[in-house]
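> this one's sequence-less:
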């Protein structure tokens, strides 16, 4: 399951989705929105995406992970729109026969998401807002 | 020929529109289209920005040749997670 959604992500649903009688491990990763970044006090985050391509890229990451490690099933769901502090912005759940594969695939997936999936985070902080961009290594100021 | 462009995140704010269509010469590349769009939307030029380029939802290079009715997206630095 590889999706973007503007609703809160349901962890239980994803765990049910990856549950597999052949699996001996289920690893969930939950990315949450933090109240501070680079010294700024963050009030909220707002995610934008190119949804059709984002879901395609998430599925590509899942397929790549399945080639690299013997995983059973994988689900990645990324939240879009406004996300309050402390809420889940992304959840990755992986099942595998043995735990090493699920841990490795989960780590791979979150790192890839940050590199290639067309999703953008706008940080609303006290005194302004900024689009966060990892390719330049620093926030880009909007004017 | 005509191509469709979608703008997201900082580029949507800079362009002031989410979508556009543009008539371009046959054989134009992604780079050619980007140069022409800068004339239509002068604020698209964000200093220091590093873009990726997607045509019909696949990443391509700047020299990729466009076809009629392609959907082109200039991908600003992604920051999911």
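Cool, got the structure. Everything quoted here is computed from the prediction, not taken from an experiment.
> what residues does chain A put near chain B?
A:31, A:47-50, A:52-54, A:56, A:78, A:89-90, A:110, A:113-122, A:131-136, A:140, A:142 (CB under 8 Å from any CB of the partner chain). Where C-beta positions appear, they are placed from N, C-alpha and C, glycine not excepted.
> any of those residues buried? List them.
Burial of these was assessed by neighbour count (16 or more other CB atoms under 10 Å in any protein chain shown); the buried members are A:31, A:47-50, A:53-54, A:56, A:78, A:89-90, A:110, A:113-114, A:116-122, A:131-135, A:140.
> in chain A, where is pLDDT below threshold?
The model of chain A has pLDDT under 70 over residues A:134-143.
> I'd say residue A:101 and residue A:70 touch.
Yes - with contact defined as CB atoms under 8 Å, residue A:101 reaches residue A:70; the gap is 5.2 Å.
> what are the ranges of the strands in chain B?
For chain B, the strands defined by DSSP state E occupy B:2-6, B:19-23, B:52-55, B:58-60, B:71-75.
> hmm, the last one in reach of chain A?
Meaning strand B:71-75. Yes - contact of strand B:71-75 with chain A is found when judged by CB under 8 Å from any CB, involving B:73, B:75.
> mind listing residues that contact that strand?
A:50, A:53, A:118, B:3-8, B:11, B:30, B:33-34, B:37, B:44, B:51-57, B:59, B:66 (CB atoms under 8 Å, 6 or more residues apart in numbering or on different chains).
> select the longest helix from chain B.
Among all segments of chain B classified by DSSP state H, the helix with the greatest residue count is helix B:30-40.
> list of residues touching that one?
B:3, B:5, B:15, B:20, B:22, B:24-25, B:44-45, B:51, B:53, B:55, B:60-64, B:66, B:72, B:74.
> not counting its neighbours along the chain, what's nearest residue 62?
No chain specified, so I'll use chain A. Taking CB to CB, 6 or more residues apart in numbering or on different chains as the measure, residue A:62 lies nearest to residue A:74, with 4.7 Å between them; neighbours along the chain are not counted.
> try chain B instead
Per CB to CB, 6+ apart, closest to residue B:62 is residue B:31, 4.4 Å.
> next to chain A, which bits of chain B? Give me the list.
If contact is defined as CB under 8 Å from any CB, the residues of chain B in contact with chain A are B:6, B:8-10, B:12-13, B:46, B:48-50, B:52, B:54, B:57, B:59, B:73, B:75-81.
> now those residues: which count as buried?
Neighbour-count burial (16+ other CB under 10 Å) applied to the residues of chain B next to chain A gives B:6, B:8-10, B:12-13, B:46, B:49, B:52, B:54, B:73, B:75-81.
> what residues are up against residue B:27?
Counting by CB under 8 Å, 6+ apart, residue B:27 makes contact with residue B:65.
> okay, it: pLDDT?
Among the per-residue scores, residue B:27 holds a pLDDT of 93.
> relative to residue B:64, how far out is it?
Separation of residue B:27 from residue B:64 (CB to CB, to the nearest Å): 12 Å.
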